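Asker: fold the stuff below for me.
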Amino acid sequence: MYENGFGVTKDYEKALQWYRKAAEQNDPDAQAHLGVMYANGLGVTKDYEKALEWFRKAAEQNDPVAQINPGWMYQNGFGVTKDYDKALEWFRKATEQNEPLAQANLGVMYANGLGVTKDYQKALEWFYKAAEQNDPGAQNNLGWMNEKGFGVARDDGKALQWYRKAAAGGLARAENNVGIFYLKGLGTPRDRREAIRWFRQAAVHGNPDALRNLRSLGIKQ
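Answerer: Take a look at the predicted model:
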């Protein structure tokens, strides 16, 4: 409540106190929240090492969402030396419990050859698993793979379908992608008005590319 300001004034320090009390009683959700607060400097000085410490405590209790966090830190080198093998290890643990975000992250690793040989078919397999659970990031990535023809025959119509699904999940970059497809007439008749509508929606959701696209069309947000 204090972290998000639900029914009370937002107060990260109080949120931190409550999470710490619960975390010390080995509550994995509280431990994961403490990790998030240290990783983002909410109510405390940003400290990736402490964030990783709390993420590990939660992850070692077999919490699939918590297991993604150390994987994310090793993938990006936040507070640790970048280590794709360790990132893969944590993501795989979470996928064993059918966690969609971990499935999507594994797809990214295979699509880009991070810690593994680049393999678009395996990337597609993991993206499909996550997309079936309505993970918008995975749906957007499937749109990208269909747009570019990575591992599948290039198909703008299918790409647009996946971008629309991701946009329905509120993903700003997918909303921008839908706008681009309408602007260029990819997989759909060209429709400048509809493109502008999608760019505006993406811009409201904080996508900088959408703002640039609006400016290029002479549209003020």
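
Asker: hmm, who's touching the helix or strand hosting residue 54?
Answerer: Using DSSP states H and E, the element containing residue 54 is helix 48-59. For helix 48-59, the surrounding residues in contact (CB atoms under 8 Å, 6 or more residues apart in numbering) are 23, 26, 28-29, 31-32, 34-39, 44, 66-67, 69-70, 73, 78-80, 90, 93. All C-beta atoms are positioned from the backbone trio N, CA, C, and that covers glycine.

Asker: can you pull up the most central residue in the chain?
Answerer: residue 137 (5.5 Å; CA atoms, centre = their mean).

Asker: so which strand or helix has that residue?
Answerer: Using DSSP H and E, residue 137 falls in helix 136-148.

Asker: for that helix, which helices and strands make contact with it?
Answerer: Packing partners of helix 136-148 (3 or more CB pairs under 8 Å, 6 or more residues apart in numbering; DSSP states H and E): helix 100-112, helix 120-131, helix 156-168, helix 172-184.

Asker: which other helices and strands contact the lowest-mean-pLDDT helix or strand in the chain?
Answerer: In the chain, no helix or strand scores lower on mean pLDDT, DSSP states H and E than helix 12-24, which sits at a mean of 88. With contacts defined as 3+ CB pairs under 8 Å, 6+ apart, helix 12-24 has these neighbours: helix 28-40.

Asker: mean confidence score for the helix it packs on?
Answerer: Helix 28-40 comes out with an average pLDDT of 91.

Asker: what are the contacting residues of that helix?
Answerer: 3, 12, 15-16, 18-23, 42-44, 46-48, 50-55, 57-58, 61, 63, 65-66, 69, 73, 78.

Asker: ok, now with 7 Å
Answerer: 12, 16, 19-20, 22-23, 43-44, 46-48, 50-51, 54-55, 57-58, 61, 63, 65-66, 69 (CB atoms under 7 Å, 6 or more residues apart in numbering).

Asker: got it, and stretch 82-92?
Answerer: Stretch 82-92 is contacted from outside by 59, 67-68, 70-71, 74-76, 102, 105-106, 109, 114-116, using CB under 7 Å, 6+ apart.

Asker: need the buried ones from the residues you listed selected in ChimeraX.
Answerer: Only the buried entries of the contacts of stretch 82-92 go into this ChimeraX selection, using 16 or more other CB atoms under 10 Å:
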select :59,67,68,70,71,74,75,102,105,106,109,114,115
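
Asker: between the contacts of stretch 82-92, which sits nearest residue 201?
Answerer: Proximity of the contacts of stretch 82-92 to residue 201 (CB to CB) peaks at residue 105, which lies at 26.0 Å.

Asker: and the contacts of helix 28-40, which of them are buried?
Answerer: Neighbour counting by 16+ other CB under 10 Å classes 12, 16, 19-20, 22-23, 43, 48, 50-51, 54-55, 57-58, 63, 65-66, 69 among these as buried.

Asker: so, low pLDDT: which residues of this protein?
Answerer: Low-confidence segments of the chain (pLDDT under 70): 1-10, 221.

Asker: rerun at 90
Answerer: 1-18, 43, 62-66, 79, 219-221 (pLDDT under 90).
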